[in-house]
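Chemist: with the input below, show me the fold.
(chains A and B)
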Protein chains: 2
Amino acid sequence: MSDFSLAVDAMGGDAAPDIVVSGLAIAAERHPGTNFLLFGDEARVAPLLARHKRLAGAELRHTTEVIGNDTKVAAALRMRQASMRLAIDAVARGEAAGVVSAGNTGALLALSKVVIKTLPGIDRPAMAAIGPSARGDIVMLDLGANVACDTRNLVEFALMGDVFARTVLGLTAPTIGLLNVGSEEMKGDETLRDAAETLRASHLARQFQGFVEGHDIAAGTTDVVVTDGFTGNVALKTGEGALRLVGQLLRQVFSASIASRLAYLLARPGLTRLREWLDPRRYNGAVMLGLNGVVVKSHGGTDAEGFAHAVDVAMDMVTHGFNEGIREGLVRIGTLETGHGSADAAAS
Amino acid sequence: MSDFSLAVDAMGGDAAPDIVVSGLAIAAERHPGTNFLLFGDEARVAPLLARHKRLAGAELRHTTEVIGNDTKVAAALRMRQASMRLAIDAVARGEAAGVVSAGNTGALLALSKVVIKTLPGIDRPAMAAIGPSARGDIVMLDLGANVACDTRNLVEFALMGDVFARTVLGLTAPTIGLLNVGSEEMKGDETLRDAAETLRASHLARQFQGFVEGHDIAAGTTDVVVTDGFTGNVALKTGEGALRLVGQLLRQVFSASIASRLAYLLARPGLTRLREWLDPRRYNGAVMLGLNGVVVKSHGGTDAEGFAHAVDVAMDMVTHGFNEGIREGLVRIGTLETGHGSADAAAS
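Modeler: All right, here's what the predicted structure looks like:
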């Protein structure tokens, strides 16, 4: 039995609670002995739980409200009996080390900030995720928590991205790039140039590779790509969309004729590996970094495999001490900013 | 013989003047009788021209300076004998209807604005290009001419994107989307919401589909995707990067074993069509919209086929009266803005 619990919003997501419970059963095999604390409608969740022996030890707490995908954030904040809210409350109370939800992203982010609260020293939490690149998995943030960012936010994202890449990807000195419209030093706006300057003078100086461009994401030029939430959200979805388009087109190619169907059979091992490698489910689980607890958002439309992966990410964050890493990094960045006399530090 | 000339910067691009002249020869076959006016180093360009019978009627003007990819914009503006500058001068003088260059993007944009000048009524020119989607070719703008945009800029981009899609894609009523981090009306910042409101009240109201997200680009949800130059540049390069990654991975899959090589041979017709369809050369030629003349930027690293395509785009713009379309659209948007009493119109 592990010494911590993981809270799960059983009602969040397009096919909840079914895929949530099935996904949890898959994850439970990989993380035996974990205490899962589910929040959801007992009448619907209990029968699903009963189907999985591996979830025999899971605790279910009955909830009466569900925050829908269309629920406005202001309304969600008032729904104190919602499954998502009560799962988050468990983290805030210290009863659970983290929470996983496939529900409404905006509500999850807002509730987490209000209830779990931001880590001391962090101005704004950010959403991060792992994705595929030519040189291996990379981390990108922010993916939409903050549509507008200042210099301090970008520097904090770099710091959190560094710790995240160490914790979840197991890298010892991840390289970091700031997403821009050109790699020349004079490109982009003042916020980006100031953030680059601050990072060059920080303890991350050796890892910081300066500006990177859109094509550097899939090329894997740096292990961590830092950007504001608007650009990061668009870039993530644009890349996913491009991959999906090629997938559709390849399916058409391989079903066009008898020869091409035979070709598919011959190339199947490699094509299957490629599809698995690019499988969005393998990258499911966006993490809200910078909170007093681990918050993982699963894609709302994922299946059980995808949800299980989001649980894996939460487990990695908890067991590898992500937040302790952030606190250490903040001390180092904090010292620097004070010595540097930066306007951002002064304004905070 | 056509009644207009096209100016060509023979010295711009990584492999200039070779690929410029070879590309022009390919384009000349598709556009017989066009007057090409080349600007470049006579000693290098004349022997290349002599190789192509189809370019026998092309005129070459000797130039002594070349704006390099690393040349700063301020320095480029002072190089009055540069091939790019003199090609642009020819458009400003009315000697050429348009110009094609594979040179320094920033310099081309700045010189075009200063020398050719912005169309009356347009606040800022934008860079647009055509790309592939699941539902056919789409137009995206701005791709990097303006890293920060206000409401008026976005509305003008929508107007120019509409005319561009009619002119170059031949659509009669292209649908238009504003790129955002969510499709809900309250998403994004005030600039985006105001732009959406203005478009809903404009002559483009029927074509305007509201907000679209990153994945809508490759899905082809709308024919025109409007965004600021920072986001557009990142999205374009992210999408290209994702496609390039899949291309690399597929090459690995099909060369991994004898079976997979055989598979490639069997599926080759379909795979070749797919590759050709996604070929960046087929989409080469970013257009600077909103100037008193047609300015097309070819990718600096393209080959002769790609450069020829950029020439095709310039020819389309000139022969289909792109700028006349913009003027008509501006009259309609202008009337609306005055009636609407918009702050943007008042500030202009």
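Chemist: stretch A:261-280 close to chain B?
Modeler: Yes. Applying CB under 8 Å from any CB of the partner chain, one finds stretch A:261-280 in contact with chain B at A:262-267, A:269-271, A:273-274, A:277-278. All C-beta atoms are positioned from the backbone trio N, CA, C, and that covers glycine.
Chemist: one more: stretch A:193-203?
Modeler: No. Stretch A:193-203 stays clear of chain B (CB under 8 Å from any CB), getting no nearer than 11.6 Å.
Chemist: can you give me the strands for chain A?
Modeler: Assigned by DSSP state E, chain A shows strands spanning A:5-9, A:35-40, A:59-62, A:98-101, A:126-131, A:138-141, A:176-179, A:208-212, A:224-226, A:286-289, A:294-297.
Chemist: contacting residues for A:G241?
Modeler: Residues in contact with A:G241 (CB atoms under 8 Å, 6 or more residues apart in numbering or on different chains) are B:214-219, B:239.
Chemist: contact partners for the one residue sitting closest to the centre of chain A?
Modeler: Nearest to the mean C-alpha position of chain A, by CA atoms, centre = their mean, lies A:A286 at 1.8 Å. Each residue near A:A286 by CB under 8 Å, 6+ apart is listed here: A:105, A:127-129, A:143, A:296-297, A:299.
Chemist: could you dump those to a markdown table with distance to B:T231, neighbour count and pLDDT?
Modeler: Shown next, in a markdown table, are the contacts of A:A286 (distance: CB to CB, whole Å; neighbours: other CB atoms under 10 Å in any protein chain shown; pLDDT from 0 to 100):
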| residue | distance to B:T231 | neighbour count | pLDDT |
| --- | --- | --- | --- |
| A:T105 | 19 | 22 | 92 |
| A:M127 | 17 | 26 | 95 |
| A:A128 | 19 | 28 | 96 |
| A:A129 | 19 | 21 | 94 |
| A:L143 | 14 | 27 | 94 |
| A:V296 | 27 | 28 | 97 |
| A:K297 | 22 | 27 | 96 |
| A:H299 | 22 | 21 | 92 |
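Chemist: kindly reformat those residues as TSV and extend each row with distance to chain B.
Modeler: Formatted as TSV, the contacts of A:A286 follow (distance: CB to the nearest CB, whole Å):
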residue	distance to chain B
A:T105	9
A:M127	11
A:A128	16
A:A129	13
A:L143	9
A:V296	20
A:K297	14
A:H299	12
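Chemist: how about those in CSV, adding distance to A:M315?
Modeler: As requested, the contacts of A:A286 are exported to CSV (distance: CB to CB, whole Å):
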residue, distance to A:M315
A:T105, 21
A:M127, 19
A:A128, 16
A:A129, 16
A:L143, 21
A:V296, 9
A:K297, 15
A:H299, 18
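Chemist: and those residues, which is closest to B:K72?
Modeler: B:K72 lies nearest to A:L143 out of the contacts of A:A286, by CB to CB, at 33.9 Å.
Chemist: I'd say the closest one and A:G131 touch.
Modeler: No. With contact defined as CB atoms under 8 Å, A:L143 does not count as touching A:G131 (9.9 Å).
Chemist: rewinding a little: what subset of the residues of stretch A:261-280 next to chain B is buried?
Modeler: A:263-264, A:266-267, A:270-271, A:274, A:278 (16 or more other CB atoms under 10 Å in any protein chain shown).
Chemist: where do the contact lists of A:L143 and A:G131 overlap?
Modeler: A:L236.
Chemist: help me confirm that A:E65 comes into contact with A:R78.
Modeler: No. Using CB under 8 Å as the test, A:E65 is too far from A:R78 to be in contact (9.8 Å).
Chemist: more neighbours, the two?
Modeler: Ranked by neighbour count (other CB atoms under 10 Å in any protein chain shown), A:E65 and A:R78 place A:E65 first, with 18 against 10.
Chemist: how close does the more buried one get to A:I138?
Modeler: Between A:E65 and A:I138 the distance is 38 Å, computed by CB to CB, to the nearest Å.
Chemist: what does A:V225 give?
Modeler: Applying CB to CB, the value for A:V225 to A:I138 is 6 Å.
Chemist: what do these two both touch?
Modeler: With CB under 8 Å, 6+ apart as the test, A:V225 and A:I138 both reach A:I217.
Chemist: without its sequence neighbours, what residue ends up closest to A:A128?
Modeler: A:L141 (3.7 Å; CB to CB, 6 or more residues apart in numbering or on different chains).
Chemist: and A:P125, its phi and psi?
Modeler: Main-chain dihedrals, A:P125, degrees, to the nearest 10: phi -60, psi 160.
Chemist: need the contact list for A:I26.
Modeler: A:I26 touches A:304-305, A:307-308, counting by CB under 8 Å, 6+ apart.
Chemist: kindly report the same for A:A126.
Modeler: By CB under 8 Å, 6+ apart, the contact set of A:A126 is A:141-143, A:145-146, A:153, A:156-157, A:160, A:229, A:288-290.
Chemist: how about A:D303?
Modeler: By CB under 8 Å, 6+ apart, A:D303 lies in contact with A:15, A:19, A:23, A:281.
Chemist: highest neighbour count among these?
Modeler: The most crowded member of the contacts of A:D303, judged by other CB under 10 Å, is A:G23 (29 neighbours).
Chemist: any idea how far the nearest residue to that one once chain neighbours are set aside lies from chain B?
Modeler: Nearest in space to A:G23, with sequence neighbours left out and distances taken as CB to CB, 6+ apart, is A:F307 at 2.8 Å. Distance, A:F307 to chain B, by CB to the nearest CB, to the nearest Å: 20 Å.
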